[in-house]
Structure formats: C-alpha cells, structure tokens
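K.L.:
would you be able to build a 3D model of this:
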Amino acid sequence: MKKVYKEIITDIINSVRDQDFAPGDRLPPERDYAEKLGVSRASVREALRVMEIVGLIETRRGGGSYVTELNIIPFLSTLAPLFVERKGLAFELLDLRFLLELKAAELAAQKMTPIKASYLMEPIQRMKRAVIEEKPDLSAKADLEFHERIFEIADHYVLQKSAEFVTTLLEISIKGRRHLVLERAENPRE
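P.N.:
This is a model prediction of the structure:
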C-alpha cells in the first residue's frame, strides 16, 4: 500500500513536470491539496517536509511553499557521510568529474564568445594570484568558480546537475584534504 505522502509528492512532481508550476512559483496552500486529494493536512505537511529536505521546494515561514530549481545539495550533504567512507572514492569521483568536465569543456568551446572567454578567465587570474600569494583557500574558491563557469557556459542542465552532485560528494570526501586533487598535478600552478 502506497503511503499518502508519496502520492502527494507524486502529484506535485507531476504538476511541475507538466509545467503547471515553475521554479519560483508558490504552491497552493496545504488545505487546497488536502481537499483536492481527499487527504489530511498532516499528510500534505509530511509530503512538503520531504520535498523540502530533498530540495524540490522551499518553505517560507508564514509565506507558503515554493518550487525551487532542483537543488539536491543540502540533501546530498546530509547523506554523503554514508558514501564517502568507501576506499578510493575520492579518486573515482575525480575520474567522473574529469569525464563530465571534458564534455562540458567541449560544449563550452562550441558556445564560446569573447565575452564568455573573459568571464571564464576571471577566476583563472584569481587562482594565479592566490598561488603566488600562497593563499590556498582563495585558490580553491577561484578553482571551484572556474569549473562552475565552464558548466554554465556549456549550458547543459544534466551535465551541470551531475557535476554539482559529484563535486558535493568530492568536497565532502576530501574535506580538509585538498592535496588529493593537487596530487595529480605536478605543481599547484597546474
């Protein structure tokens, strides 16, 4: 027997898929869903809590629930400790990220313009300065921004979301051990 809250989640997801709601749209009040589906408001609240945890909606105190651009990072961050203990996971994630970035770089190169190239060079310049000034935290921040911009320029939603997933797991798995990323390069400048 299917749980009531799962049916409610399915209904809301179908509404988003069918474009009844778009990211940023406010969902109808709990009582409207309860009446429409013939369920209790408690079941609707449970469904909305699950959807918020997973990153499908954002609930604003006293302001209702809003559809979000799919953001599974908070949910993934919660579950990541279950995955990251696997031996060799960081290197496997690096390999996967490399494959995703190869395709993203290919797509970005096809869509490159002088303005986009300038936009992509900004974090590279900050990385160079940070390495010279021996500021690894600033270098790491600029490095992450550079990779995000490649995916942004590639303009491929699935690749971008996949990269977010991999990057989040990677960040959690090597937190405080960034040397694993740099280990594959001959020196930090690379």
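
K.L.:
show the contacting residues for S15.
P.N.:
When contacts are counted by CB atoms under 8 Å, 6 or more residues apart in numbering, S15 is found next to F21. The way it works is simple: take the backbone N, C-alpha and C, and place the C-beta from them, glycine included.

K.L.:
check which helix or strand S162 maps to.
P.N.:
Taking DSSP states H and E as the criterion, the element that holds S162 is helix 157-173.

K.L.:
and that helix, how far out from the chain middle?
P.N.:
Here the centre of helix 157-173 is set off from its chain's centre by 6 Å, with CA atoms, centre = their mean, to the nearest Å.

K.L.:
and if you look at stretch 95-103?
P.N.:
16 Å.

K.L.:
just give the nearest non-adjacent residue to the residue positioned nearest the centre of the chain, would you?
P.N.:
In the chain, the centroid-proximal residue (CA atoms, centre = their mean) is E164; its distance is 3.9 Å. Leaving aside its chain neighbours, E164 sits nearest to I73 (6.2 Å; criterion: CB to CB, 6 or more residues apart in numbering).

K.L.:
is it true that the one you found touches L169?
P.N.:
No. Applying CB atoms under 8 Å as the test, I73 and L169 come out as separate, 10.2 Å apart.

K.L.:
same drill for those two, tell me which one is more crowded.
P.N.:
Taking neighbours as other CB atoms under 10 Å, I73 and L169 compare with L169 leading, 22 against 16.

K.L.:
per-residue pLDDT, the more buried one?
P.N.:
Note on L169: pLDDT of 76.

K.L.:
try S15
P.N.:
Predicted confidence (pLDDT) for S15: 86.

K.L.:
tell me which element it is part of?
P.N.:
Element membership for S15, per DSSP H and E: helix 4-17.

K.L.:
return the distance of that helix from the chain's centre.
P.N.:
For helix 4-17, the distance to the chain centre is 22 Å (CA atoms, centre = their mean).

K.L.:
next, the buried residues of that helix.
P.N.:
By neighbour count on 16 or more other CB atoms under 10 Å, the buried set for helix 4-17 is V4, Y5, I8, I9, I12, V16.

K.L.:
now do the contacts for the fourth one.
P.N.:
To tie it back to what came earlier, the one meant is I9. So I9 contacts A47, V50, M51 (CB under 8 Å, 6+ apart).
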